[in-house]
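Asks: When you get a sec, could you give me coordinates for this:
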Amino acid sequence: MAAPIVSKIYCSSSQMMLAVRRRPHVVSGGGFVVTDCSQKVVFMADGCGIVGKPGELILRDGDGNALLLISRKALSMRKQWNGYAYDYEGLQKIVFCVTELSSFLSRNTPIRISVDLSRGCGRDWNFEIRGYFPERNCSIVDRQGNAIAQIGVKEEVGKVTRSKDLYHVVVKPRVDQAFVLGVVAVLDYIYDESTRC
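Replies: Residues are numbered from 1 along each chain as shown. Alright, predicted model coming up:
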């Protein structure tokens, strides 16, 4: 990935491991908080419990400023999610779309991401989800099969602890972390987790 999708300030020259912690629906309306290795909050995803509209999500930076508005658009054969970034004037510009190619959620349902939107969303894809998000065992890969981000769980000596409440996202160098967490927020909603009401 050569160019940033949301902003170059979210592209690190080194690999980043981010911890994702689910927020309870009863306390804060759902969503999740993302911290870096020093436990500093770097992103927050607000689900429909906070936003107030089913099918809408907001990704914020660590200071609470909105970075992405993500909204679901129902189409006949597929479900599509559009990610809109805010420019310096506060206007929204579509920067990516996530498309589910089937109405049945299964391990084999292709979920593809488009960032080159010159021909429209879903016509050409740049990235794909490989693996199964509910098990916290998946990757975002480019068309050549190179992983740009991996979602997993912490492995302790001799065992793996799987939790929907805490997992990690490893983002490769020079990859836009805000874009990756926007895609994670969509996956979270698709699979009926913390961002969904």
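Asks: Select the longest helix from the chain.
Replies: helix 177-190 (DSSP state H).
Asks: next structured bit after the worst-scoring helix or strand of the chain on mean pLDDT?
Replies: Here the helix or strand of the chain ranked lowest by mean pLDDT, DSSP states H and E is strand 159-160, holding a mean of 55. Once the chain leaves strand 159-160, the next helix or strand it forms, by DSSP states H and E, is strand 166-171.
Asks: Helix 177-190 and that next one, what's the angle between them?
Replies: Taking axes from the mean of the first three to the mean of the last three Cα atoms, to 10 degrees, one finds strand 166-171 and helix 177-190 inclined to each other by 140 degrees.
Asks: Pairing partners for strand 166-171, with directions?
Replies: strand 16-22 (antiparallel), strand 147-152 (antiparallel) (DSSP bridges).
Asks: Could you give me the buried positions within the last one?
Replies: So that's strand 147-152. A147, I148, A149, Q150, I151, G152 (16 or more other Cβ atoms under 10 Å). The way it works is simple: take the backbone N, C-alpha and C, and place the C-beta from them, glycine included.
Asks: got those as a markdown table, with pLDDT and distance to V20 columns?
Replies: What follows is these, written out as a markdown table (pLDDT from 0 to 100; distance: Cβ to Cβ, whole Å):
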| residue | pLDDT | distance to V20 |
| --- | --- | --- |
| A147 | 96 | 17 |
| I148 | 96 | 16 |
| A149 | 97 | 12 |
| Q150 | 97 | 12 |
| I151 | 96 | 8 |
| G152 | 94 | 11 |
